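**Q** sequence unknown, structure follows:
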């Protein structure tokens, strides 16, 4: 049992946490600060203590599950694989008083490559379910005791015993598709129960996924969603690239989250580099993030109207979204704002002319959105469809550790802009903004949270623009950057908190990058909410969450 | 209801006139990169998507840019290569052949000659043009397409769906998107064809009755783009089935997609 100097100087509450963590593992472990100064990492001596340590964080110290990052370190002196279970402060009001600080606590477990097994957390922490299945598919690390160990990321015909994220796997190889049995979907059975298979290719212009409904009449009994059709192996693709080359991949993980993921990658990288991005660039980044939220939220409101056959609403939402995307093209030369953010700062400046266009467009947008919402709320046939449809109870939202609009519309008070400040919002004197929540937990609540957040975003952009002062746009990053250090960042994307984990190797190239997107975290909640609905309302429920498949599948 | 009518009247017509009237992209728009012959062109590893290549022969260092792979990030046009490559404004880039999307110049040559490869060596659009002509003959100016996501990042998907909004209103041109491949004259494919979708992609395209057109939309569908080839990706739709028209872009702007679709049915001339 050891504590390093930095921790000895820390506060009483901090020491209580460290002592509780060490006690939970019976003293068989080490606590050290990191990856960032405010964070803690507990190295477990025995993987079997994982559940006990996680239980202490969840029940006594108001932490919530955030993500799992596996790494293959067999080529390093440690010669093992590692799994990092990352936790963050829970939403205020979830059980014990939350620790308000922006911090991550990591439980680090070493895994013997000869017997790659760890105890599964999924029974105690439902939010860990998919993370553990992904780790099993891509690293061959088996979560022992997992309630549903079906393959997740690799699909039918993948050769057994081949794990693409292990370092020994050559990413360029194309493996044959083996003969395979039909995937074992989880379905309900009984008299009068029907199975409805939908996808992976859908009828509209949308992303691919397979939904297996079991229903009785119109009511959905169970929904088994199978995703990862768009798995492009992007995390492996980034390994070995220079940090700048890898940035262009990160920016292209998802179209409608381009700014958020590009920025998250940059913030993790800049942490490793130990540089501070100039104030003007931080402000521009936060403005870009809000513009991304705006076109997404407003387009999503329009698309929910499409799910309820309210064509005026659809056309209006899409017209307002189009105006915002045209604005993006004027500001950044790109309709999804790609090419604005770059490691070290921003590639482009916003001139006074452009800021004038920005202000005028946002004024128009605010008025347009207010009219659209008034028409929706005054139309009882639409409100009837949205009210009490696709319920996601508060407790379920907490258990699944879901993020973003979906969480806030179930009354969970979380927003990474406040909880893990980033961009210009991390500055002292940053503008304050309201975190919008709604206890409604239905489609209507998700629509109205989006509308109110769009309003908050417009005001926030105004505040950020007001703080712009002349100054440099970029800071230089060392080349090569130091290996071994970990960068971790959390960004509030339009869909919620996205977590980025990055480490470079000793040549300064990407060793491992992992993205936990809010969509990844929220998909299981869609299935749950669908089970309170009828089959014809599924598009409505789905669109109210509006999750990306590409962010999830990577 | 009355309020909605008043709103609609107040909003007026928002639909653009493209392609009848030209579309002028904003000043910062990054279109097709322009390579200046005879200049200090950047080495290939500058491009994060692998769109640049070079070969050296007796006439000098040839640098080629594959527009199908280009992600239009603008990095090759930044310092210290400013001037050797500039980001142009051309977005009407759809082509019937991958080879037509290859731009090659001789670098570091004071005479600035264009290499012989610049002279178009096109075969007269064999099957692709035939299918387009056949569709045009059978269906006149109407075209029904099916979208097929083969593993895209959703940017191309969103831009394709944008064509249905009141601003682009693709239906004014007799073009629409249908739910079933069996109702379609062709497919618009986005994404690099992932391993997990390869079977679905094949089966969907084959479900479209012949004659059919296949349009590869965006860098990933056209060439694999920044995703490339890997355990998870085949790297471009033409690795799986023949493609009739390639639309470069990451993603292409809506007018560029519209241009490509009109090229596919022979209503506009492709890039040469």
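**A** Okay, I see it. Keep in mind the model is a prediction, meaning the values are calculated, not measured.
**Q** any idea how far the residue of chain A found nearest chain B is from residue A:308?
**A** Nearest residue of chain A to chain B, counting by Cβ to the nearest Cβ: residue A:255, 2.6 Å away. C-beta here means a position set from N, CA and C on the backbone, and glycine is covered the same way. Note on residue A:255: its distance to residue A:308, by Cβ to Cβ, to the nearest Å, is 25 Å.
**Q** For the residue of chain A closest to chain B, what is the enclosing helix or strand?
**A** Per DSSP states H and E, residue A:255 falls between elements, in no helix or strand.
**Q** Quick check: which ranges of the chain have low pLDDT?
**A** Using chain A here. Confidence mapping of chain A against pLDDT under 70 gives the ranges A:1-12, A:92-100.
**Q** could you do chain B instead?
**A** B:108-140, B:271-272.
**Q** rerun that using 50 as the cut-off
**A** Across chain B, the ranges flagged by pLDDT under 50 are B:112, B:115-124.
**Q** mind listing the helices in it by residue range?
**A** B:2-11, B:126-139, B:155-162, B:198-207, B:218-223, B:254-264 (DSSP state H).
**Q** which strands and helices sit next to the fourth one?
**A** The reference is to helix B:198-207. strand B:143-149, strand B:186-190 (3 or more Cβ pairs under 8 Å, 6 or more residues apart in numbering or on different chains; DSSP states H and E).
**Q** OK, contacts around residue A:461?
**A** Taking Cβ atoms under 8 Å, 6 or more residues apart in numbering or on different chains, we find residue A:461 in contact with A:287, A:290-291, A:294, A:358, A:362.
**Q** Okay, buried residues for the helix or strand it falls within please.
**A** In this structure, residue A:461 is located in helix A:443-466 according to DSSP H and E. In terms of neighbour count (16 or more other Cβ atoms under 10 Å in any protein chain shown), helix A:443-466 has its buried residues at A:443-458, A:460-465.
**Q** picking up where we left off before, which of the helices of chain B is buried the deepest?
**A** Across these, the average number of neighbours (mean count of other Cβ atoms under 10 Å in any protein chain shown) peaks for helix B:218-223, which reaches a mean of 32.
**Q** So which residues make contact with that one?
**A** Counting by Cβ under 8 Å, 6+ apart, B:49, B:66, B:68-71, B:98, B:101, B:150-153, B:155-156, B:189-193, B:216, B:225-227, B:235-237, B:243, B:246-252 sit against helix B:218-223.
**Q** Which neighbouring residues are in contact with residue A:317, exactly?
**A** By Cβ under 8 Å, 6+ apart, the residues touching residue A:317 are A:298-303, A:305, A:372.
**Q** So which residues of the stretch 151-300 of chain A form helices?
**A** A:234-238, A:243-250, A:258-273, A:279-307 (DSSP state H, counting those that start in this stretch).
**Q** between the ones you listed, which one is nearest to residue A:22?
**A** When the helices of the stretch 151-300 of chain A are compared by Cβ to Cβ, helix A:258-273 sits nearest residue A:22, at 26.6 Å.
**Q** which strands and helices sit next to the closest one?
**A** Packing partners of helix A:258-273 (3+ Cβ pairs under 8 Å, 6+ apart): helix A:243-250, helix A:279-307, strand A:341-342, strand A:486-493, strand A:496-504, strand A:510-516.
**Q** could you redo the last one with a cut-off of 10 Å?
**A** helix A:243-250, helix A:279-307, helix A:311-332, strand A:341-342, strand A:345-346, strand A:486-493, strand A:496-504, strand A:510-516 (3 or more Cβ pairs under 10 Å, 6 or more residues apart in numbering or on different chains; DSSP states H and E).
**Q** Nearest approach to residue A:432 belongs to which of those?
**A** Of all those, helix A:279-307 sits nearest to residue A:432, with 13.3 Å by Cβ to Cβ.
**Q** where does the closest one sit relative to the chain's centre, distance-wise?
**A** Relative to the centre of its chain, helix A:279-307 is centred 16 Å away, using Cα atoms, centre = their mean, to the nearest Å.
**Q** cool, stretch A:149-165 as well?
**A** 23 Å.
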